[in-house]
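[1] this one's structure only:
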């Protein structure tokens, strides 16, 4: 694939041309305040704390990019121009957990990211580089499921995607994850596409959509509130409610749908519910189990409970070694760092080193061995199990898919995962608040590295089943259909 550096140059020239041509209303007011002191904080955090700063970049490249960001934030520019400059730099780190996050930002940040009607009035998927509508949310009700959008306000959607890909957070060369993030599926409170499209195409209030069948549609755009009101029911689940469903069909196939594992603050006793649900499968006479993880980036290690009911004996799982770049956080950064566990400020004796790479071996979350044990628990389900995966699976769900593959506990079916077989950064986080700009950048703290060399990619499923535009138009779920057929044929 083309290098991200080359894409950044193409993106830069395109964005500059757009900014010259865009109307003042779309671009916003020009800012004159100096934000460059924020870049100094970001530089300190990346050089001293971020474990993935030099995983895919040289020190010279990081220095040059941060110097460029400092220049952009020192001179006059609109908020969108400055946010675009930051997005380019954070994405160039090629880390799936490093980005200016609206989830951890404040009201000021959200107001600037979503100033009015700037969001396309439909949900969609990218299929072979094409924007395919999955649901119409327009006031005019002018889009149909399966419509292919080929241009928005004169910009070809293929060109749009090529400009958006370098702005998306993902690990290494996994562009499948970047494309996945630039879809609008209705399962996120803040869609990545919604944040980034106005940075390269400053639409406002209404936009002109050109369709593959020759139609031209002029339609009103959405606000953030309207987008969030149209989210899927799973995305609206309260924190204390069960976000998962388990059904047993008339065909005897059990289907466990898990749209998310981010249950850090939830009062839902997920471990007990999931253990009982897995234990009941045998008594219910299920012919097989389909675990649907599509759209699930990760969160807690919920998959361990599933695995504990699939294995015949305790399972020794190969673990990636964990490393951090610091033992104690720099004092200058501490006032700007927040997290759920302040002990991350000082790892103490749990950080052993540094080694000749500048890393400390982190032993806090394991015993320092090469494997960890998933204990067999409850009633074993011995029927066929299929895990539906896609490029969303990039953190805990990527790790689960990796263990499933290693243990042979289930069949992976669907599309290539997110994450990266070379290891990812995550596990613990600080949220770095940049005081001058009011922006926030997520700072992962732990790097994992596999014991042997691995390709720069996610996991390819055992059974590859793509989604076609025809599937969308007919409302057909090709992965679920294929998984069901395999279980019934077993």
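    Looks like it came in fine. Just so it is clear, the structure is predicted and the values come from calculations on it, not from any experiment. Residues are numbered from 1 along each chain as shown.
[2] going forward, measure contacts and count neighbours with C-alpha atoms only.
    OK.
[3] Could I get the full set of helices for the stretch 201-350 of the chain?
    Taking DSSP state H, counting those that start in this stretch as the test, the helices found in the stretch 201-350 of the chain are 224-229, 270-283, 303-308.
[4] Quick one, which of the ones you listed gets closest to residue 459.
    For the helices of the stretch 201-350 of the chain, the distance to residue 459 is smallest for helix 303-308, at 16.6 Å, taking CA to CA.
[5] Show me how far that closest one is from its chain's centre.
    Here helix 303-308 is found 22 Å from its chain centre; the criterion is CA atoms, centre = their mean, to the nearest Å.
[6] Could I get the pLDDT score of residue 12?
    For residue 12, the pLDDT comes out at 33.
[7] Quickly note the distance from residue 435 to residue 337.
    As judged by CA to CA, to the nearest Å, residue 435 and residue 337 stand 11 Å apart.
[8] ok, the two, which is more surrounded?
    Taking neighbours as other CA atoms under 10 Å, residue 435 and residue 337 compare with residue 337 leading, 20 against 13.
[9] Kindly state the beta-bridge partners for the residue nearest to that one when sequence neighbours are not counted.
    In space, and not counting its chain neighbours, residue 337 is closest to residue 432: 4.9 Å by CA to CA, 6 or more residues apart in numbering. Per DSSP bridges, the residues bridged to residue 432 are residue 337, residue 441.
[10] okay, how far is it across stretch 106-122, tip to tip?
    Using CA to CA, one end of stretch 106-122 lies 27 Å from the other.
[11] among the helices and strands of the protein, which has the poorest mean pLDDT?
    Ranked by mean pLDDT, DSSP states H and E, the weakest helix or strand in the chain is helix 4-21, scoring a mean of 33.
[12] for the stretch 351-490 of the chain, what spans make up the helices?
    396-407, 469-474, 478-489.
[13] May I see the buried residues of the first one?
    With burial defined by 16 or more other CA atoms under 10 Å, the residues of helix 396-407 counted as buried are 396-405.
[14] and what of the shortest one?
    Of the residues in helix 469-474, those with enough neighbours to count as buried (16+ other CA under 10 Å) are 469, 472-473.
[15] Distance of the residue sitting furthest away from the middle of the chain relative to residue 398?
    Distance from the C-alpha centroid of the chain, by CA atoms, centre = their mean, peaks at residue 283 (36.6 Å). Counting by CA to CA, the gap between residue 283 and residue 398 amounts to 30 Å.
[16] before we move on, what about residue 379?
    For residue 379, the distance to residue 398 - CA to CA - is 25 Å.
[17] try residue 169
    Counting by CA to CA - residue 169 and residue 398 are separated by 15 Å.
[18] Using the record's assignment, carve the protein into domains.
    With domains defined by automatic domain parsing, the chain comprises 4-102, 122-212+222-229, 234-489.
[19] tell me the most buried of these?
    domain 122-212+222-229 (a mean of 20; mean count of other CA atoms under 10 Å).
[20] How far does it sit from its chain's centre?
    For domain 122-212+222-229, the distance to the chain centre is 15 Å (CA atoms, centre = their mean).
[21] can you offset everything so residue one is 14?
    Noted, 14 is the first residue going forward, which turns the last one into domain 135-225+235-242.
[22] and it, what's its mean pLDDT?
    With pLDDT averaged residue by residue, domain 135-225+235-242 scores 96.
[23] Torsion angles phi and psi at residue 432?
    Per-residue torsions, residue 432: phi 70, psi -160 (degrees, to the nearest 10).
[24] which residues touch it?
    Contact analysis of residue 432 by CA atoms under 8 Å, 6 or more residues apart in numbering lists 109, 183-184, 187, 190, 404, 406-408, 411, 470-471.
[25] Excluding sequence neighbours, find me the nearest residue to it.
    residue 407 (3.9 Å).
[26] Now that we're looking at the one you found, what pLDDT does it have?
    pLDDT, residue 407: 94.
[27] returning to what we had before: and of the contacts of residue 432, the nearest to residue 314?
    Residue 314 lies nearest to residue 408 out of the contacts of residue 432, by CA to CA, at 9.6 Å.
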